[in-house]
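>>> No sequence on hand, only this structure:
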């Protein structure tokens, strides 16, 4: 496994991972808190402006994303 900071160019790879994970926890959120998609390209850009995002890669495939404020 490799963990590295995600760059703006990683957005199109990261969004499906983030939105796929969000589908797993939507039932635990209060009504009205979940929306599809959970993270849009615009939301990604806004998040990246205020935090550093990291990705976990296995054999070159992105499997997980986290943000550090």
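Thanks, I have the structure now. Being a predicted model, the structure only gives us computed values, none of them experimental. Residues are numbered from 1 along each chain as shown.

>>> For residue 39, which three-state class applies?
Per DSSP: H, G, I helix; E, B strand; the rest coil, the local secondary structure of residue 39 is coil.

>>> Just list what the longest helix along the chain packs against, helices and strands only.
For the chain, the helix with the greatest residue count under DSSP state H is helix 11-25. Applying 3 or more CB pairs under 8 Å, 6 or more residues apart in numbering; DSSP states H and E, we find helix 11-25 packed against helix 41-50, strand 52-58, strand 61-68. To be clear about C-beta, it is placed using only N, CA and C from the backbone, and glycine gets the same treatment.

>>> tilt between that helix and helix 41-50?
Taking axes from the mean of the first three to the mean of the last three CA atoms, to 10 degrees, one finds helix 11-25 and helix 41-50 inclined to each other by 100 degrees.

>>> Buried residues, helix 11-25. List them.
Within helix 11-25, the residues scored as buried using 16 or more other CB atoms under 10 Å are 11, 14, 15, 17, 18, 22.

>>> Any chance of CSV for the helices and strands packed on helix 11-25, columns mean neighbour count, distance to residue 4 and mean pLDDT?
Formatted as CSV, the helices and strands packed on helix 11-25 follow (neighbours: other CB atoms under 10 Å; distance: least, CB to CB, whole Å; pLDDT from 0 to 100):
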stretch, mean neighbour count, distance to residue 4, mean pLDDT
helix 41-50, 12, 14, 92
strand 52-58, 15, 6, 96
strand 61-68, 13, 10, 94
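
>>> Identify whichever of the ones you listed lies nearest to residue 30.
helix 41-50 (18.9 Å; CB to CB).

>>> Now do that closest one: which elements does it pack against?
Partner elements for helix 41-50 (3+ CB pairs under 8 Å, 6+ apart): helix 11-25.

>>> contacting residues around residue 46?
Not one residue lies near residue 46 by CB atoms under 8 Å, 6 or more residues apart in numbering.

>>> Find the nearest non-adjacent residue to residue 34, please.
Closest residue to residue 34 apart from its sequence neighbours, by CB to CB, 6 or more residues apart in numbering: residue 26 at 4.1 Å.

>>> sorry, back to before: just give me the least confident of the buried residues of helix 11-25.
In terms of pLDDT, the weakest of the buried residues of helix 11-25 is residue 22, which scores 88.
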